[in-house]
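**Student:** sharing a model that was predicted from the sequence below.
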Protein chains: 2
Amino acid sequence: MKIVVVGSGTAGSNFALFMRKLDRKAEITVIGKEPTMQYSPCALPHVISGTIEKPEDVIVFPNEFYEKQKINLMLNTEVKEIDRGRKVVITDKGEVPYDKLVLAVGSKAFIPPIKGVENEGVFTLKSLDDVRRIKSYIAEKKPRKAVVIGAGLIGLEGAEAFAKLGMEVLVVELMDRLMPTMLDKDTAKLVQAEMEEHGVSFRFGAAVSEIIGSPVKAVKIGDEEVPADLVLVATGVRANVDLAKKTGLEVNRGIVVNEHLQTSDPDIYAIGDCAEVIDAVTGQRTLSQLGTSAVRMAKVAAEHIAGEEVSFRPVFNTAITELFGLEVGTFGITEERAEKEGIEVVTGKFKGSTRPEYYPGGRPITVKLIFRKSDGKLIGAQIVGGERVWGRIMTLSALAQKGATVEDVAYLETAYAPPISPTIDPITIAAEMALRRFR
Amino acid sequence: MKIVVVGSGTAGSNFALFMRKLDRKAEITVIGKEPTMQYSPCALPHVISGTIEKPEDVIVFPNEFYEKQKINLMLNTEVKEIDRGRKVVITDKGEVPYDKLVLAVGSKAFIPPIKGVENEGVFTLKSLDDVRRIKSYIAEKKPRKAVVIGAGLIGLEGAEAFAKLGMEVLVVELMDRLMPTMLDKDTAKLVQAEMEEHGVSFRFGAAVSEIIGSPVKAVKIGDEEVPADLVLVATGVRANVDLAKKTGLEVNRGIVVNEHLQTSDPDIYAIGDCAEVIDAVTGQRTLSQLGTSAVRMAKVAAEHIAGEEVSFRPVFNTAITELFGLEVGTFGITEERAEKEGIEVVTGKFKGSTRPEYYPGGRPITVKLIFRKSDGKLIGAQIVGGERVWGRIMTLSALAQKGATVEDVAYLETAYAPPISPTIDPITIAAEMALRRFR
């Protein structure tokens, strides 16, 4: 069997490795535009800050690793067209026949139509090349004032990296808060306060209308000119759908797939940032542009091609970040978005400590839980705290993935040890508060 | 309504507080032998090591806190008898009438019949007074060699505390490994290695037959005399059942209760270390002598008395400890015990890192998962690692509590960020390994 993957990022690379494990004999070819296989886009801000030394360090495996597993690599290669009739991928280096084709074509940074967005000193933060460009610009120009457009994860992590390098950082966000798709206003404010304490400023409900100078000297926000000698555009990503469209596959905001991740052509799969999957809370189609989702899709697609009757489960988009030592974890729907979607919710919120009072080193933690009123199910959570947020958001996400209700969380058996956690965990207290509103 | 609680420990104190929240008018009385309300027995080793400064620091709330909430405290008080006919508790300070009675009488350290066990310098580690005695003995005699009898949680945490104070420590355990009820031999060895690196020695399959000298000078193990100037007896605890027995309540290894935590007399509840509850894996009666179980039982008993139809769910005994910076988390059944109980299991084990390779600071972590062969359900886990073990054992325990199968764990959506966790988490890899054995 000839299996061809278009895309050498997280989804494509992991797919090739999973597929090889499941099928020792298949001919597996990965066609990629970049010269290397997967690296972690989430690690890029840490390369800018210098926590990770060299850009190349984030490449997960060298190309030889794949070749040793008899995965054919066609890198630095552009796909021109897919001929579904003849089952061939047409590239700038020739045709590649397939029995099964996997589109792992990823996403690209969305660049808003701002005047001057192409000027020198204006960057996106999506690829290794972006990081190389930013690092050499910083080394050369020693910028002192950075403006970040967009307060999503990449924007905030970029802002943190710039601040760690000693720059003055201003984040400009169109919405009324940071991480607007992941946090409600109350929890977003906790993150904002921590970042402000570390010298990052914010402008909400504001937009950059123009970038002035090349190299950049200032940005225009409303009538005001704000000095800036580095601008990061972090206004989200868009699924790469052009190739799929041209191929005649069903496309929406992403490439439409069924539960086995097959596109409208059952011999063509789509995985990773480009694939449109199902939101576990709303049941609607959604783009889950997370590294973990890419890996999980890669696994399901490989297993399905290998003949297993597996399905990709609807996504809760469980995510975590660390900003200046503060951990922020989320999944599911925010209270605000639930309201917009017409989902009635009951929330529980508790601010406590990560350890018992008598044990040194405890840090504040705020847990906000969102339950659906109609059936009591956990459909979202937001946690902001000084430590062990990952464990708590994972616990809650795992519960939600198993359909847990407010009772399940309130009566949850937790693990306690004085250096690690309190006897009554903040997550169960938050649930208890919600439970009282249900009763 | 007159509600009387016998026992002022974690279960009794928390019950009184929960009950007060649910019923503003009830007359609540706590009868306790000790002069204070709840403190954390799990915190006591940390008082010995000096991490927690004063023994009194581990008292959760001062007595006045309870009195302000109109909880009557009868401390330093001994219960002589319970007259179920007249519904009164007879104490050395008079009779106390009740409508509902809650037995939260706890457990006591089990003292094996070793010659010399009453000698000076031989201690248990169960109460604040134990800690005060140990601390003043250490201050006075400056012991240099400690022998700990028993390699359960308290024994190991005591051993760590003594080692941190600069003592040479030997742990003697009858079974063939440390934490024998919580860990299998393979995972126990990882903990042993770490403790040995910090100067703690072990003798397994061995028993102390005699304690020589008062103050202690040596212990006898087989024919050998091992020098020791402090001995900690940490051979487990036994439920306090004498009062319940005398009262004519059904008693087994602990006080027998139904799912609402009522004893054989429906007006008398039993909670905490003294109550025998249901093991979630075997369905058998068990003693869950954990602080978290005590608090959860307190909550359920209070709510049931307040008229809610709540049940105490079977226990997985999720537990966590930290020894010399190594975290150890467990729940459910071990592979070895499953075999003894005739439960066929499929296991998955994986040793990985807590962070992606390219991000500095990752530490080794070993995850062992135990699934029931008949239905694929997760029935136990053991994790030993350098960080974030708590979050992983909690995630897995939460999944088990919701009846998760090997597929649920293998396909779990996890949260990823380079400073915090890898894209493919060790828990899902361990599950995948088990899943392959199922397929």
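**Tutor:** All right, it came through fine. Numbering: from 1, shown residues only, chains lettered A, B, ... in the order given.

**Student:** mind listing what the spatially closest residue to A:Ile305 that is not a sequence neighbour touches?
**Tutor:** Nearest residue to A:Ile305, sequence neighbours excluded (Cβ to Cβ, 6 or more residues apart in numbering or on different chains): A:Lys100, at 5.2 Å. Quick note: C-beta positions are derived from backbone N, CA and C, even for glycine. Applying Cβ atoms under 8 Å, 6 or more residues apart in numbering or on different chains to A:Lys100 gives the contacts A:Met1, A:Lys2, A:Ile3, A:Val4, A:Asp267, A:Ile268, A:Tyr269, A:Ile305.

**Student:** go again using 6 Å as the cut-off
**Tutor:** By Cβ atoms under 6 Å, 6 or more residues apart in numbering or on different chains, the contact list for A:Lys100 reads A:Ile3, A:Asp267, A:Ile305.

**Student:** find the nearest non-adjacent residue to the second one, please.
**Tutor:** By the measure of Cβ to Cβ, 6+ apart, the closest residue to A:Asp267 outside its immediate chain neighbours is A:Lys100, 5.7 Å from it.

**Student:** doesn't A:Ile82 lie inside a strand?
**Tutor:** Yes - assessed with DSSP: H, G, I helix; E, B strand; the rest coil, A:Ile82 lies in a strand.

**Student:** how close does the closest residue to it other than its chain neighbours sit to B:Lys68?
**Tutor:** Of all residues not flanking A:Ile82 in the chain, A:Thr247 sits nearest, at 4.4 Å (Cβ to Cβ, 6+ apart). Going from A:Thr247 to B:Lys68 by Cβ to Cβ, to the nearest Å gives 72 Å.

**Student:** more neighbours: which of the two?
**Tutor:** More crowded of A:Thr247 and B:Lys68, by other Cβ atoms under 10 Å in any protein chain shown: A:Thr247, with 21 against 10.

**Student:** do you know the pLDDT at that one?
**Tutor:** Looking at A:Thr247, its pLDDT is 97.

**Student:** off-centre distance for the helix or strand that contains A:Ala294?
**Tutor:** Taking DSSP states H and E as the criterion, the element that holds A:Ala294 is helix A:291-305. Its chain's C-alpha centre and that of helix A:291-305 lie 16 Å apart, by Cα atoms, centre = their mean, to the nearest Å.

**Student:** nearest residue to the middle of chain A?
**Tutor:** For chain A, A:Leu290 is the residue whose C-alpha lies nearest the centre (Cα atoms, centre = their mean; 3.5 Å).

**Student:** please tell me how far that residue sits from B:Val409.
**Tutor:** 19 Å.

**Student:** one step back: closest to chain B out of the contacts of A:Lys100?
**Tutor:** Nearest to chain B among these: A:Ile305, at 15.7 Å, using Cβ to the nearest Cβ.

**Student:** report how many residues lie close to that closest one.
**Tutor:** Residues near A:Ile305, counting by other Cβ under 10 Å: 24.

**Student:** do the one 5 residues further on as well
**Tutor:** Counted with other Cβ under 10 Å, residues neighbouring A:Val310 total 19.

**Student:** flag every residue of chain A that's near chain B.
**Tutor:** For chain A, the contact set with chain B under Cβ under 6 Å from any Cβ of the partner chain comprises A:42-43, A:46, A:52, A:57-58, A:291-292, A:295, A:316, A:318-322, A:358, A:390-391, A:393-395, A:398-399, A:402, A:404, A:413-420, A:423-424.

**Student:** so which of those sit within strands?
**Tutor:** A:Ala319, A:Ile320, A:Thr321, A:Glu322 (DSSP state E).

**Student:** between the residues you listed, which is nearest chain B?
**Tutor:** When those are compared against chain B (criterion: Cβ to the nearest Cβ), the nearest one is A:Ile320, at 4.1 Å.

**Student:** one step back: could I get the ones in strands among the residues of chain A next to chain B as a markdown table with distance to B:Glu27?
**Tutor:** A markdown table is the format used below for those (distance: Cβ to Cβ, whole Å):
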| residue | distance to B:Glu27 |
| --- | --- |
| A:Ala319 | 50 |
| A:Ile320 | 48 |
| A:Thr321 | 50 |
| A:Glu322 | 50 |
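
**Student:** give me phi/psi at A:Leu190?
**Tutor:** Dihedral pair for A:Leu190: phi -70, psi -40, per degrees, to the nearest 10.

**Student:** what's the distance between it and A:Met179?
**Tutor:** 11 Å.

**Student:** so what's A:Thr286 up against?
**Tutor:** Per Cβ under 6 Å, 6+ apart, neighbours of A:Thr286: A:Asp279.

**Student:** which SS class is it?
**Tutor:** A:Thr286 ends up strand, using three-state DSSP.

**Student:** do the one 3 residues further on as well
**Tutor:** Applying three-state DSSP to A:Gln289 yields a three-state assignment of coil.

**Student:** same question, A:Asp408
**Tutor:** helix.

**Student:** need the pLDDT of it.
**Tutor:** So A:Asp408 comes in at 98 (pLDDT).

**Student:** could you do A:Ser40 as well?
**Tutor:** Per the predicted model, pLDDT is 89 at A:Ser40.

**Student:** repeat for the one 10 residues further on
**Tutor:** As predicted, A:Gly50 sits at a pLDDT of 94.

**Student:** which residues touch it?
**Tutor:** Contacts of A:Gly50 by Cβ under 6 Å, 6+ apart: none found.

**Student:** again, but for A:Ile221
**Tutor:** A:Ala206, A:Val208.

**Student:** burial check on A:Asp265, number of neighbours?
**Tutor:** Around A:Asp265 there are 17 residues (other Cβ under 10 Å).

**Student:** what are the structural domain limits within chain A?
**Tutor:** The record's domain parsing of chain A by automatic domain parsing lists A:2-108+A:238-305, A:122-233, A:319-438.

**Student:** include distance to B:Pro364 when you put those into JSON lines, please.
**Tutor:** Shown next, in JSON lines, are the domains of chain A (distance: least, Cβ to Cβ, whole Å):
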{"stretch": "domain A:2-108+A:238-305", "distance to B:Pro364": "19"}
{"stretch": "domain A:122-233", "distance to B:Pro364": "27"}
{"stretch": "domain A:319-438", "distance to B:Pro364": "18"}
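
**Student:** A:Ala104 versus the residue nearest to A:Gly248 when sequence neighbours are not counted, what's the distance?
**Tutor:** Take A:Gly248 and drop its neighbours on the chain: the residue closest to it by Cβ to Cβ, 6+ apart is A:Arg84, 7.1 Å away. According to Cβ to Cβ, A:Arg84 and A:Ala104 sit 18 Å apart.

**Student:** with neighbour numbers in mind, choose between these two.
**Tutor:** A:Ala104 (32 against 15).

**Student:** check contacts around A:Glu327.
**Tutor:** A:Glu327 touches A:Gly385, A:Val389, counting by Cβ under 6 Å, 6+ apart.

**Student:** so of the residues of chain A next to chain B, which ones are in helices?
**Tutor:** Residues of those located in helices (DSSP state H): A:His46, A:Gly291, A:Thr292, A:Val295, A:Trp390, A:Gly391, A:Ile393, A:Met394, A:Thr395, A:Ala398, A:Leu399.
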